[in-house]
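Novice: Give the three-dimensional model of this entry:
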Amino acid sequence: MEISQEQFFEKYSVNKSEFDAAAISWESLLDIHQEYTTYKETLNPTAEYISNMLRTLPESHSVRSRVKDPEHLIDKIIRKIIREKKKNPDYAIDIYNYKTEITDLIGIRILHLYKDQAVSIDKFIRELWGLVEKCTIYYREGDYSKKEEHEDNELFNFKVHPAGYRSWHYLISTNATKHVHIAEIQVRTIFEEGWSEIDHQLRYPNDTNNAELTKQLLVLNRIAGSADEMATSIREYKLNTWKLENENQNKQKAIEELKAQLETVMNNYKVEKADKQNLQTKLQELESSLTVRIPSKQQQEFMVIGGKISNALDLFAGPGPLVGQDKNRIFDTRKYLEGYTHHALKDKK
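Specialist: Numbers count the residues shown, from 1 in each chain. Got it, this is the predicted structure:
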């Protein structure tokens, strides 16, 4: 390692008293660093292989991969030993077991646009690789109402993350070569990724205990969660509107065909005036039954007025004019955004 122990401690904010109390050998860490520097190169092809497979998914917006840096590995080993020795005084990481104790030497991150796409990604991962352990789904306390909270099941462990971090974590086993490698795959939306990157840049490693900074980042976290739900809600709005428009186009086509048939009948045969009027009335009633939501200008813009999300939701959830009826709105945005309604998780239970 090119830097000294003292320089390393300062760079990574390692508490020397905790380091000494855990009886960690710096020489042992140097051995791990030297061995891993060579071993690291063999991990790159595996990381690339996993990434390329995940990129074939239609739900995949983008895929990133990395092989852990040697210095970051030593930092993680130190922190894990300190943490685990408080529970088990005999716990140790050395040159012989670090490859299994540190499970994210290969890290893959797959981003998607809409929360329910995680279901397809989950299925793909399970079909392609063996899982070392159950998938863990991290969520923020308050994301779910009490009725929506999930319990661990045969597929998932559900954990509240103290920093509000949201993500699906997989540990997979793969042997692209004769050597078995463990890789960590993280699955999250682009909004979750954006918040995570900002949180990591602003808080780590020296401001993890800054209460005011943490508070502000949790506010941003909540906004990111709402943005995810809003994105799904807008997509549903678009799909439902398209469905209604398509249905009405088919009805309109049928009406035009009926008009032509009626016109032919009335021209070719003598039809009583009363009967003709009755047929025309029924045709008008059929035409008036068409219902297409016509979004207002405010609804089409989906604007956050004055920076207040609640105002934007009021506009988006507003009634808006309907042709043919004035109730049975396509969906209720406010109701959808209550709590953290994640259909993907509900489908899996």
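Novice: Only C-alpha atoms from now on, for both contacts and neighbour counts.
Specialist: Noted.
Novice: Ramachandran angles for A23?
Specialist: When quoted as degrees, to the nearest 10, the phi and psi of A23 stand at phi 50, psi 50.
Novice: For it, the count of nearby residues, please.
Specialist: Other residues near A23 come to 14 when the count uses other Cα atoms under 10 Å.
Novice: and what of the one 10 residues further on?
Specialist: Here the neighbour count serves as a burial measure; for H33 (other Cα under 10 Å) it reads 20.
Novice: in whichever strand or helix holds Q7, what's buried?
Specialist: Assigned by DSSP states H and E, Q7 belongs to helix 5-11. Neighbour-count burial for helix 5-11 flags F8 (criterion: 16 or more other Cα atoms under 10 Å).
Novice: now the helices: where do they sit in the chain?
Specialist: 5-11, 16-21, 26-39, 44-55, 70-85, 98-101, 118-128, 190-203, 211-268, 273-288, 297-301, 309-317, 333-337, 343-348 (DSSP state H).
Novice: Mind exporting the C-alpha coordinates of the helix holding Q7 to PDB?
Specialist: C-alpha atoms of helix 5-11 as PDB (Å, rounded to 0.1, in the frame of the first residue of the first chain):
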ATOM      1  CA  GLN A   5      -1.200   3.500   8.400                       C
ATOM      2  CA  GLU A   6      -1.500   7.000   9.800                       C
ATOM      3  CA  GLN A   7      -2.300   8.500   6.400                       C
ATOM      4  CA  PHE A   8      -4.900   5.700   5.800                       C
ATOM      5  CA  PHE A   9      -6.600   6.400   9.100                       C
ATOM      6  CA  GLU A  10      -6.800  10.100   8.300                       C
ATOM      7  CA  LYS A  11      -8.000   9.500   4.800                       C
END
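Novice: what domains does the record give for the chain?
Specialist: Using automatic domain parsing, the domain parsing of the chain gives 5-196+205-210, 230-348.
Novice: related to what we said a few turns ago, mind checking which of the helices of the chain is nearest N175?
Specialist: helix 44-55 (8.1 Å; Cα to Cα).
Novice: quick revisit: let's have the helices of the chain in TSV, adding mean pLDDT.
Specialist: Shown next, in TSV, are the helices of the chain (pLDDT from 0 to 100):
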stretch	mean pLDDT
helix 5-11	93
helix 16-21	95
helix 26-39	96
helix 44-55	94
helix 70-85	96
helix 98-101	94
helix 118-128	95
helix 190-203	87
helix 211-268	82
helix 273-288	69
helix 297-301	46
helix 309-317	42
helix 333-337	40
helix 343-348	45
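Novice: now the ones you listed in a markdown table, with distance to E149?
Specialist: Formatted as a markdown table, these follow (distance: least, Cα to Cα, whole Å):
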| stretch | distance to E149 |
| --- | --- |
| helix 5-11 | 40 |
| helix 16-21 | 37 |
| helix 26-39 | 41 |
| helix 44-55 | 29 |
| helix 70-85 | 29 |
| helix 98-101 | 31 |
| helix 118-128 | 18 |
| helix 190-203 | 19 |
| helix 211-268 | 16 |
| helix 273-288 | 44 |
| helix 297-301 | 32 |
| helix 309-317 | 24 |
| helix 333-337 | 15 |
| helix 343-348 | 10 |
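Novice: Among the ones you listed, which comes closest to K178?
Specialist: The nearest among those, by Cα to Cα, is helix 44-55 at 11.5 Å.
Novice: What residues sit buried inside that closest one?
Specialist: Of the residues in helix 44-55, those buried (16+ other Cα under 10 Å) are 46-48, 50-51, 54.
Novice: ditto for stretch 175-191
Specialist: 181-191.
Novice: Ok, stretch 89-99 next?
Specialist: Those would be 92-93, 98-99, for stretch 89-99 by 16+ other Cα under 10 Å.
Novice: CA atoms of it as CSV?
Specialist: Provided in CSV are the C-alpha atoms of stretch 89-99 (Å, rounded to 0.1, in the frame of the first residue of the first chain):
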residue,chain,number,x,y,z
PRO,A,89,-15.0,-11.4,20.0
ASP,A,90,-13.6,-14.3,18.0
TYR,A,91,-14.6,-12.8,14.6
ALA,A,92,-11.7,-12.2,12.2
ILE,A,93,-11.0,-11.5,8.5
ASP,A,94,-7.7,-12.6,7.0
ILE,A,95,-6.1,-13.4,3.7
TYR,A,96,-7.9,-16.8,3.6
ASN,A,97,-11.5,-15.7,4.1
TYR,A,98,-11.8,-12.1,3.0
LYS,A,99,-13.2,-13.2,-0.4
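Novice: what does it contact?
Specialist: 28-29, 31-32, 35, 77, 81, 84-85, 101, 105 (Cα atoms under 8 Å, 6 or more residues apart in numbering).
Novice: Columns neighbour count and distance to S288 on top of those, output as TSV?
Specialist: Output for these, formatted as TSV (neighbours: other Cα atoms under 10 Å; distance: Cα to Cα, whole Å):
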residue	neighbour count	distance to S288
S28	12	81
L29	20	78
D31	13	80
I32	22	77
E35	13	77
I77	21	71
I81	21	72
E84	14	70
K85	15	74
E101	14	68
L105	25	64
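Novice: Can you name the residues that contact K16?
Specialist: F9.
Novice: still on that earlier bit, now render the buried residues of stretch 89-99 as JSON lines, adding distance to Q280.
Specialist: Below are the buried residues of stretch 89-99 laid out as JSON lines (distance: Cα to Cα, whole Å):
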{"residue": "A92", "distance to Q280": "87"}
{"residue": "I93", "distance to Q280": "86"}
{"residue": "Y98", "distance to Q280": "82"}
{"residue": "K99", "distance to Q280": "80"}
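Novice: sorry, back to before: tabulate the buried residues of helix 44-55 (a markdown table), appending distance to Q280.
Specialist: Output for the buried residues of helix 44-55, formatted as a markdown table (distance: Cα to Cα, whole Å):
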| residue | distance to Q280 |
| --- | --- |
| T46 | 71 |
| A47 | 69 |
| E48 | 68 |
| I50 | 65 |
| S51 | 63 |
| L54 | 58 |
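Novice: Perfect, I'm done here.
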